[in-house]
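Student: Sharing a model prediction with you, sequence too.
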Amino acid sequence: MSFGRERGGFFMTQGPGAMDQLVGPMLLALASVGCGSSGSPPSSALEGGADGEVVTREPDAGDDAAPPGDAADAGYLPCTEEQTGTTSAMAAKSAGFTGTAAAYYGLYTSSCRTAADCAAACVAAGGTTTSCSAGSQCVDGSDCASDCGDAGSDAGLSCLPPTYWLEASAALSASGMTDNAAEIILVQNPYEDALVLTNFGVNVPDGVTITGIQFGVRRASIVGYADDGTIQVLKNGSPVGTNHAQNDSWPTSLAYAEYGGSMDTWGVTWTPDEIRSSGFGVSIAPQYTGPASGNEHAYIDSVRVTVYFETPCP
């Protein structure tokens with residue numbers, strides 16, 4: 001007889017001899033306490049957490065499966081599956097505009113002959129070259145009335161800039177009211193501005209394998225002419241991985257939508273340092289779905305994250 005160890009317990013090879021009857025029960029007892037076994041989870045396992053606290057949650061039926069990445073090739077044996085407490089973003093900005101609201105609204109009264117004139121004015125006001133080139137238009141001033149908010153209109157040709165998340169820091173208010181939330185006016189335009197949220201302050205221990213990331217975004221619109229355009233995770237401040245946009249319209253009152261999950265790394269391999277970095281976050285770009293001549297208002301007032309990970313056996 002011989003025996004060895006596999007994930008979740010021991011195996012036994014039968015051979016001749018009377019010792020088989022004695023060793024068999026002993027091996028079954030050992031298997032019930034094996035590292036990463038299917039025995040009962042620790043009594044201290046928790047289901048939640050807050051303020052960055054790391055908590056342990058009960059393993060699911062498939063917990064013996066190795067996480068994605070190199071750990072599986074190295075014979076990874078998870079001992080516990082854990083999650084961070086939920087933390088909220090502490091920094092927010094527009095992806096395409098860094099200027100003031102006054103400078104932005106001044107663009108609507110800038111005279112022009114071509115869209116290139118408007119793009120140049122947009123960059124001077126604080127827009128990125130990419131957003132201003134893609135989204136600036138030179139139009140008859142009368143066309144501005146439906147798209148320009150409170151900026152007014154001119155009788156001649158004037159600029160129609162792309163729309164941006166202005167006063168982006170209001171996305172951190174968590175007030176539950178759209179009046180206090182970050183806001184963008186959505187129109188039909190080739191450029192869709194993203195709200196960039198970072199500085200989550202996630203507490204992930206060293207030496208663990210990241211298995212999942214879940215963001216909760218509290219958002220709303222006025223009449224439902226907004227849905228997800230692009231939702232991407234940020235690594236070191238840059239969008240990476242898969243687009244997690246969902247197909248449903250944004251609700252007409254603030255409510256959370258969840259993106260990702262406990263076994264979803266957004267198509268990206270992560271280290272604990274990258275999760276703890278201030279550049280870790282999420283980029284959210286809604287899109288307009290209403291009539292061509294109309295507009296919509298979209299709001300965000302809170303974004304939260306939970307990170308899931310596994311610790312290896314000692």
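Tutor: Here it is on my side, so go on.

Student: Could you give the separation between the terminal residues of stretch 217-235?
Tutor: 18 Å (CA to CA, to the nearest Å).

Student: What of stretch 196-205?
Tutor: 25 Å.

Student: in the protein, which spans are helices?
Tutor: Under the criterion DSSP state H, the chain contains helices at 20-31, 70-73, 101-106, 115-125, 129-135, 272-276.

Student: The third one: how far from the chain's middle?
Tutor: To tie it back to what came earlier, the one meant is helix 101-106. Its chain's C-alpha centre and that of helix 101-106 lie 29 Å apart, by CA atoms, centre = their mean, to the nearest Å.

Student: Tell me the helices and strands packed up against it.
Tutor: Using 3 or more CB pairs under 8 Å, 6 or more residues apart in numbering; DSSP states H and E, the elements in contact with helix 101-106 are helix 115-125. In short, each C-beta sits where N, CA and C put it, glycine included.

Student: In terms of mean pLDDT, which of the helices of the chain ranks lowest?
Tutor: Mean pLDDT is lowest for helix 20-31 among the helices of the chain, at a mean of 40.

Student: Just the pLDDT at residue 314, thanks.
Tutor: The model's pLDDT for residue 314 equals 75.

Student: With adjacent residues omitted, what lies nearest to it?
Tutor: Nearest residue to residue 314, sequence neighbours excluded (CB to CB, 6 or more residues apart in numbering): residue 79, at 7.4 Å.

Student: Could you check how far that neighbour is from residue 185?
Tutor: 51 Å (CB to CB, to the nearest Å).

Student: With residue 103 instead?
Tutor: 16 Å.

Student: What of residue 293?
Tutor: Taking CB to CB, one finds residue 293 at 14 Å from residue 185.

Student: Can you pick out the residue with more neighbours from the two?
Tutor: Taking other CB atoms under 10 Å, residue 293 and residue 185 do not tie; residue 185 has more neighbours (16 against 10).

Student: From the contact counts, what lies against the longest strand seen in the chain?
Tutor: As assigned by DSSP state E, the longest strand anywhere in the chain is strand 296-312. The contact analysis (3+ CB pairs under 8 Å, 6+ apart) places strand 296-312 against strand 78-84, strand 87-88, strand 182-186, strand 209-221, strand 281-288.

Student: Outside of the shortest one itself, which residues are in contact with it?
Tutor: Under the criterion CB atoms under 8 Å, 6 or more residues apart in numbering, residues 51-52, 172, 174, 200-203, 302-305 lie in contact with strand 87-88.

Student: starting at the chain centroid, how far to it?
Tutor: 12 Å.

Student: what's the answer for the third one, then?
Tutor: Distance, stretch centre to chain centre, for strand 182-186: 19 Å (CA atoms, centre = their mean).

Student: low-scoring stretches of this protein, by residue?
Tutor: 1-78, 141-156 (pLDDT under 70).

Student: In it, which residue is most central in space?
Tutor: residue 282 (4.0 Å; CA atoms, centre = their mean).

Student: How is the chain divided into domains?
Tutor: Per automatic domain parsing, the structural domains of the chain span 87-94+165-312, 101-160.

Student: now do the same end-to-end measure for the shortest one.
Tutor: What it means is domain 101-160. 15 Å.

Student: repeat for the first one
Tutor: Criterion CA to CA; first-to-last residue distance in domain 87-94+165-312 is 24 Å.

Student: Likewise for stretch 124-140?
Tutor: Across stretch 124-140, first to last residue, CA to CA, it's 22 Å.

Student: again with stretch 160-168
Tutor: 21 Å.

Student: Now do the contacts for residue 138.
Tutor: Counted by CB under 8 Å, 6+ apart, residue 138 has contacts 112-115, 117-118, 157-160.

Student: Spatially, which two of these are the most separated?
Tutor: 113 and 160 (13.9 Å; CB to CB).
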